[in-house]
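A.B. asks: A predicted structure for the sequence below; I have some questions about it.
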Amino acid sequence: MFAYSTSSFTGSTLSVRSFSSDTTISNAFYNLPQNQFRGRLHAKHAKKRNNLLSKHSGKRAPMRTHPPIPRQMSLFRNFFGGGPPDDDEDNGAEYVETLVERVETCSAPEDRRDALRALRGVAKKYRLAVGTMGMDSYIDILDKDRLDSETITLVLDTMATVLSSDDDSSESDELGERLAEVMLKRKGFIPSVLAAVDQFDFGVRRASVQLLSNLLRHRGTEVQNAVLQQPAGLSKLVDIIHDNREIIRNEAILMICELSRANSQIQQLLAYDNIFNDLLNIIETEPLDSEFTFFEIYNQYNRSGIVIEDCFFVMLNLLRKNSMNQQLFRENQLVARLGGILHTFLYGHDETEGAEADSAGWPKQRTANVIFLLQIIRTLVSPDNNSQNTHAAQKVLNQTKILDELIQVLLSEMGASAEILTETVIVVAESIRGNYTNQELFASTALDNGEDAPRSSLVVLLISMTSEKQTYKLRCAVFYCFLCYLFDNEFGKTKVIETLLPHSLNPSAFTPGALILQALSSAESVQAWFGCVTLMHCLFDVDHLSEQLLRVKLTVVTDEQPSLTLLDHVSQILISAGNRRPQMRAGLLMLLGVWLQNSHLAVSTFMAKDENLVYLTTHIVDECGEGTESEQQALRGLMAFVLLSCLKNIQEKDARASIETLISRRVGKEVVLSALEGLTRTEQFVRAAQKQQPSEHNKNSLFLDFNFVKLFKSLEGTLAKQLKTNGDFNGTSNDSIIQSFKELIKRQDGDIAQLKQENKKMSLEIEKLTAEAQNKETERELEEVRAKLEESFAFKTHNEVLNSQLAEAQRLTQQWYAEAERYKQWAQQWQNYQLSQLPNATETGITQLQQQVSELEQQLGYGYQAFEQQSQTVESTSFVIEYSFFRFQVLHYTSENAQLRERLGKTEASLVEATSKLEALKTQPVSNGVVENGDQKSDEELAKLKQEQEELLMLLADQHNKMTVYRRRLKSLGQPVTDDEDE
């Protein structure tokens, strides 16, 4: 419940108070003034006043539900890029401001918590208002109220909520980023949050960890630097993982996920804090150590599998592209623990559970966990690492039997999804790449399907690659795995080529060579490209296999057709394709280009067919083929590469001269050189040079191979010199690559310039709208200031009128004093005359004086009562001057009345004494002279007393007149004054 306290005099200070019940009112609710003269009042009047105050204090001040929006809120809205606020936003901002004022001003802890709970409730809806208006209060509470766990929890929850976007799928949250920036700029904010993290209270620790996670999502680098600057700040965050409360531990894992992003220093410090071991302990204890059946373990995966995924994600962040952490991971013998976790994920706690799981299918969370685990293993053996780390990790995978486990996944029918199979194939590929021991282990593994001859793993891979029923990603992963098997493996390449030679024992069986030829001859462009590039990799860096490959004879359909060599078969496929199917032609041309390198016999065989040269010289200038312009340019570059390879590797001078003449007459040397240089400027060349693994997103992006690009760059200058006898070659391979990148950058610069222009237009529009909003705000503020000035001017004028009236009242008072003196003299003379006419003048005078004194006391009491009532009803500041003046006059007359009473008492005593003396004189028998002298003396004393009594009566009459004037004055000022005696 809200109420406002206001000062009776100033009326300018408003503060919000919160009350826990309707019957309890804070003593600070009413700041009523303490009058200095209250102690002088009669006890009866004081009791009546207290009753009145208690009756009045039972009423509540009216609740202000919608305070005006301050200018600060408008400035924050403009700063955060918001448009003109609607009514709902205005009402929300006013409500939030009211709650923030309660937090700032309430002295009762429970009232502050109530306000903070209300702020937390509306934080999601009014993020801007809650985040900006209450920021100072939040920071102050975090700094000063650390022992109040409940209040700290509410503040941390509120700050975490305002940083969370309503749309969880949105990648960018500008408002959250700005609010996070404002928080981080506050001095001492991160130390306060870390201190809250260090508390054991459940709510405080959970809310602080969530707040850190949200801050890291928006301002990761700044938070990381702030944490590093705090003593033992990172260690405190790591210690939360050891918390026995699972909710806090899981939140801490999410926070570590964000904290470990893209910061090698933090990653290394986390690794040195033994976080790998802690995460593996969590993974092993979450679902794996339970004594459930396997189906119950599945339910455990659904509940706690996401925690395992988060742990794997943290490990992946710490290991990716961080050689120090990879080395530390291996040295701590944690790879073997990964193998045990992988085995449990695949087969359960025993082998029988695995069979039951296959029939039930894999849950989505289990699939995600296995994929993350495979990515961690892949990170250890990635080709992007330095060769020493990669080779050491490959060796450890072999020793820990993890590689055997992965190969069995490929060869067994365990019901794994296509995503898991794809990731497993890639992990196996990079585990055997360049490692002869692992390559032989992979090749020696066979699948026994119950037939006569088991199929080797190579055959199983190639069958999957040539099957159109498999997904493209799986086929691409299998292709990459076979290339990794051939990488730097001369023995493996020789074994594959031997399966193509005519002396094979069982030519009808499934062999790697037969499957490669099947793919090469396929009508599907992607499959044909796979076959060509696979065969091309068999020829890399092994020149003698090029001549061995010339011995390959293809099986003919009928005996009437002569046998066909593989080279002729490749040439026929290329010629028959014409200018169609650019992807397949690119694969065939790359195969021919590598086959003809350093093989004079292969060049002679190829040139023996005139249609081969005719095709190359004809289509190198053809620009009307299928495919994009970039693909056509890449094909012309490949044709130029094949032509110049023939020219480079031919031995006969006559044949060389004839080829040069053919090129000069039909094509032109400059055209061939231009086509050769143009290959490096194509999009396909640039894309293939970036990554060893083929693109698995789009099958149409397969055009050039990574290793072929490396070969082309090494031979471009040498091949170009074949047409430049003087060695003058304008472009080098590096220059061509640089030029291609320059063109790509130029296109990107054009796009950036266009986006900048659009951004500039939008900025101008935003500035225009902002200026209009500011102008409206300024006009509104000017109107408010103008109204305040007018009000101040009216108040000043009113004060001047009151001052002039006060001066006039003072002048009239002086006149009244003069008239009172004159009336006093007249009254004295009249009183003397009246007393002289009475027989008992003394007793009659005393009786009249006593009666007048009683009447004056009664009037004085009524005057005090009326004055007290008037003092309680005066609330406006326009009556402060009159109020002070009247109070001064009343005090003056009060003191004067006391003096008059004292003098009246002395006069009465003197009269009594004089009366007693007169009685005594009357009873004593004295002479006439003595009696006459005594009577004369008594008459003189009586006259003196009568004179003093007259003076008192005049003073009391004068006071009564002044009170009457002041009543009239209060009536003229609009105050309720009655004419009866109660006033």
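C.D. replies: Looks like it arrived, so ask away.

A.B. asks: Next secondary structure element downstream of the helix or strand hosting residue 781?
C.D. replies: Assigned by DSSP states H and E, residue 781 falls within helix 733-837. Using DSSP H and E, the next helix or strand after helix 733-837 towards the C-terminus is helix 841-873.

A.B. asks: Let me know the pLDDT of residue 115.
C.D. replies: On pLDDT, residue 115 comes in at 88.

A.B. asks: so residue 385 sits right up against residue 325, yeah?
C.D. replies: No. Contact criterion C-beta atoms under 8 Å: residue 385 and residue 325 do not qualify, at 11.1 Å. In this view, the C-beta of every residue, glycine as well, is placed from N, C-alpha and C.

A.B. asks: The helix holding residue 781 versus helix 841-873: what angle between them?
C.D. replies: With axes from the mean of the first three to the mean of the last three C-alpha atoms, to 10 degrees as the basis, helix 733-837 and helix 841-873 are set at 170 degrees to each other.

A.B. asks: which strands and helices sit next to helix 733-837?
C.D. replies: helix 71-79, helix 683-688, helix 706-720, helix 841-873, helix 880-923, helix 928-972 (3 or more C-beta pairs under 8 Å, 6 or more residues apart in numbering; DSSP states H and E).

A.B. asks: and the ones you listed, which one is worst for confidence?
C.D. replies: helix 71-79 - the lowest mean pLDDT of these, at a mean of 41.

A.B. asks: ok so, going back, tilt between the helix holding residue 781 and helix 706-720?
C.D. replies: Going by the same axes, to 10 degrees, helix 733-837 makes 130 degrees with helix 706-720.

A.B. asks: how close does residue 599 get to residue 372?
C.D. replies: 46 Å (C-beta to C-beta, to the nearest Å).

A.B. asks: neighbour-wise, which of those two wins?
C.D. replies: Using other C-beta atoms under 10 Å, the more surrounded residue of residue 599 and residue 372 is residue 599, with 22 against 18.

A.B. asks: Quick check: phi and psi on that one?
C.D. replies: Per-residue torsions, residue 599: phi -130, psi 100 (degrees, to the nearest 10).

A.B. asks: contacting residues for it?
C.D. replies: 543, 546-547, 649 (C-beta atoms under 8 Å, 6 or more residues apart in numbering).

A.B. asks: How much space separates it from residue 569?
C.D. replies: On the measure of C-beta to C-beta, residue 599 and residue 569 end up 17 Å apart.

A.B. asks: pretty sure residue 151 contacts residue 116?
C.D. replies: Yes. Applying C-beta under 8 Å, one finds residue 151 in contact with residue 116, separated by 6.6 Å.

A.B. asks: which one of these two has more residues nearby?
C.D. replies: Neighbour count, other C-beta under 10 Å: between residue 151 and residue 116, residue 116 has more, with 26 against 20.

A.B. asks: Show residues contacting the helix or strand containing the more buried one.
C.D. replies: Following DSSP H and E, one finds residue 116 within helix 109-122. With C-beta under 8 Å, 6+ apart as the test, helix 109-122 has contacts from 17-20, 92, 95-96, 99-100, 102-103, 106, 130, 134, 148, 150-151, 154-155, 157-158, 161.

A.B. asks: Quick one: the helices in the stretch 201-350 of the chain, in order.
C.D. replies: Assigned by DSSP state H, counting those that start in this stretch, the helices in the stretch 201-350 of the chain fall at 202-218, 220-229, 233-239, 246-259, 264-272, 275-283, 294-319, 323-331, 335-347.

A.B. asks: what's the most buried one of those helices?
C.D. replies: Ranked by mean neighbour count, the helices of the stretch 201-350 of the chain are led by helix 202-218 with a mean of 23 (mean count of other C-beta atoms under 10 Å).

A.B. asks: export it as PDB, just CAs?
C.D. replies: Once non-C-alpha atoms are left out, helix 202-218 reads as follows in PDB (Å, rounded to 0.1, in the frame of the first residue of the first chain):
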ATOM      1  CA  PHE A 202      20.700 -20.800  -2.300                       C
ATOM      2  CA  GLY A 203      18.800 -17.800  -3.800                       C
ATOM      3  CA  VAL A 204      21.700 -15.400  -3.700                       C
ATOM      4  CA  ARG A 205      24.100 -17.800  -5.400                       C
ATOM      5  CA  ARG A 206      21.700 -18.900  -8.000                       C
ATOM      6  CA  ALA A 207      20.600 -15.400  -8.900                       C
ATOM      7  CA  SER A 208      24.200 -14.100  -9.000                       C
ATOM      8  CA  VAL A 209      25.300 -16.900 -11.300                       C
ATOM      9  CA  GLN A 210      22.300 -16.300 -13.700                       C
ATOM     10  CA  LEU A 211      23.200 -12.600 -13.700                       C
ATOM     11  CA  LEU A 212      26.800 -13.300 -14.700                       C
ATOM     12  CA  SER A 213      25.600 -15.600 -17.400                       C
ATOM     13  CA  ASN A 214      23.400 -12.900 -18.900                       C
ATOM     14  CA  LEU A 215      26.200 -10.300 -18.600                       C
ATOM     15  CA  LEU A 216      28.600 -12.700 -20.400                       C
ATOM     16  CA  ARG A 217      26.100 -13.200 -23.300                       C
ATOM     17  CA  HIS A 218      25.900  -9.400 -23.900                       C
END
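
A.B. asks: Could you shift the numbering so residue one becomes 42, and keep it that way?
C.D. replies: OK, 42 is where the count begins now, so the last one is helix 243-259.

A.B. asks: Show me what that helix packs onto, helices and strands only.
C.D. replies: Partner elements for helix 243-259 (3+ C-beta pairs under 8 Å, 6+ apart): helix 190-203, helix 215-226, helix 230-239, helix 261-270, helix 287-300.
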